[in-house]
Structures are given as structure tokens and as C-alpha cells.
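> Test case, fold it:
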Amino acid sequence: MLLVIDIGNTNIVIGVYKEDKLLVHWRIFTEHNRTCDEYGITFFNLYSSARLDFKDTTDIIISCVVPPVLNDFEELCLKYFHIKPLIVGPGIKTGMPILYDNPKEVGADRIVNAVAAYEKYKHELIIIDFGTATTFDYISAKGEYLGGAIAPGIMVASEALFQKASKLPSIEIIHPQYAVGKDTVKSIQAGLFFGYVGLVDGIVEKMCAEMKSKPRVIATGGLARLIGSESKTINFYEELLTLEGLKIIWGKNRS
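Alright, predicted model coming up:
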């Protein structure tokens, strides 16, 4: 079995594949102060809940944008699985040219998403990942990573508003019925939701005009389905894009 792990700033997404079939997947909080053994207990409980055994895992691949946590996971893989994991980073085979001024600056998760989306659609693409940051990645019709844009994530914006404006409450992100809120909570929800829909559509339209193209627009990440329900530019929602990308990259490097 193949264990795939994507370590983000807010969440860690985990999946277990048997050949091409995703058997199970989980999402847990990223905790910077947890030890290798604490993560080991978490993995033991996850595997037990799915009736899986550590010894059946033969390979592990990890993408990570939180270097201190990566160290704990490398130790975890060696100590509990007895496997040296494949880490997505410089030198790894992805099959995708990275046409960035400094390719090393591109987050591993963005590359993984791009590989998965292009493998599936074989088309010019914009990939939007709604995570701690909202990232936009442009992929050419030839499967080249051309660059993109990075904006604060909607939860980051919500938390900043709560922390910096003393009279504004922390709120749940929902799809409001109206843009004109009738109380403070509904007004914040309207501003955040419709504001981010406008941000997404505005950046996508700007990219399309700049590239003189009509790419397919793929959304992934925690709030992708919510924002996509109102967006006029998002074409497809892919919940497990990162896990699929990790499996594909592992396949390209398995030899």
C-alpha cells in the first residue's frame, strides 16, 4: 500500500492507496508542537479505525510547506513504518516543466495539484486551492507550470478581522442569502463570502485576458465547494486533487 501525505499550514491530508484505488483518506490539524511519537499515535488510531496495518504500507510520499513538521514526519516514517519517505521537492521527477523565475520557490502542494489536474484534463488550466492561502496556478496546454497568484485565505481574512476590529465577532463562513446583511454577523458573512467570490472571479478573468486563453478552472481545498457554488468562473471541483497528484508523482519516481 502507498501512504500519501500533504502537510499544509492548517491541515494535513492523508490517503492510503492500494494500487490505483484510494482506500481511505483523512484530514487532521497541523500542530507544530507535536512530537513524532504523538503523530505516531494519531496514525495508529487512524489505521486502526480503517482496519489497516502499518506493516502493509510499502511506500510513502510527502509534500510539505511546513519544514519543522516535515522533520517529525520523516522520523515518524522511519520509526513506525520503517520506510524512508519520498519528499516532493527539487530534483524529484514530476513530468512538468516549472517555468518560474526560481522553481524552488513554488510550494510542493501547488506542483502536486498541477500534476494531478493536468494528468486528468490534458488542457490549459487554472487551479485554485482554497487553503490557508488561496493560490492560483496557471498550467499551459503543453503541461508547463507558468506561474500564478497568491492571496490570503478566507479563514485568514476572517481571523484578522476578528483580531484587529475589537467590536466584530468571529463568525462561521457560509453562503449568505443576501449581500445586504441585516446584522453584524450577516454583514461580515456577506463581505467575506461575496468578497472572495469576487476576488476569485476577478483574478481568473484577469489571467484569461492576460494569457488570451480560455482555460478550464479547477477548484480544490477546504472551502472550494462553498465558493464554487457562487463563482461564475470555476468549472470543476476536485476534492482529492493533492492526494491524486502525490500518487502520480510517486509513480514517476518509483524506480
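> residues in contact with residue 28?
With contacts defined as Cβ atoms under 8 Å, 6 or more residues apart in numbering, the neighbours of residue 28 are 11, 12, 14, 42, 46. Any C-beta I mention is one placed from the backbone N, CA and C, and that applies to glycine too.
> quick check, the fourth one in a strand?
Right, residue 42. No: using DSSP: H, G, I helix; E, B strand; the rest coil, the assignment for residue 42 is helix, not a strand.
> For it, give me its contacts.
Counting by Cβ under 8 Å, 6+ apart, residue 42 makes contact with residue 28.
> One more: residue 138?
Residue 138 makes contact with 125, 126, 145, 146, 147, 148, 207, 211, 215, according to Cβ under 8 Å, 6+ apart.
> Name the member of those with the most neighbours.
Among these, residue 126 has the most neighbours (other Cβ atoms under 10 Å), with 26 neighbours.
> beta partners for that one?
Applying DSSP bridges to residue 126 yields these beta-bridge partners: residue 138, residue 217.
> What's the separation between the residue of the chain most remote from its centre and residue 253?
Ranked by distance from the centre of the chain (Cα atoms, centre = their mean), the top residue is residue 182, with 34.1 Å. Using Cβ to Cβ, to the nearest Å, we find residue 182 at a distance of 55 Å from residue 253.
> likewise residue 48?
30 Å.
> which one of these two has more residues nearby?
Using other Cβ under 10 Å, the more surrounded residue of residue 48 and residue 253 is residue 253, with 15 against 11.
> In contact with the residue nearest to the more buried one when sequence neighbours are not counted, which residues are there?
Ranked by Cβ to Cβ, 6 or more residues apart in numbering and with sequence neighbours excluded, the top spatial neighbour of residue 253 is residue 93, at 5.0 Å. Residue 93 sits next to 249, 252, 253 when contact means Cβ under 8 Å, 6+ apart.
> how about CSV for those, with pLDDT added?
Compiled in CSV, the contacts of residue 93 are given as follows (pLDDT from 0 to 100):
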residue, pLDDT
249, 97
252, 95
253, 96
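> looking at this protein, which helix or strand is least sure?
One helix or strand of the chain scores below all others by mean pLDDT, DSSP states H and E: helix 154-164, with a mean of 89.
> ok now that helix, how far from the chain's centre?
Taking Cα atoms, centre = their mean, to the nearest Å, the mean C-alpha location of helix 154-164 is offset from the chain mean by 20 Å.
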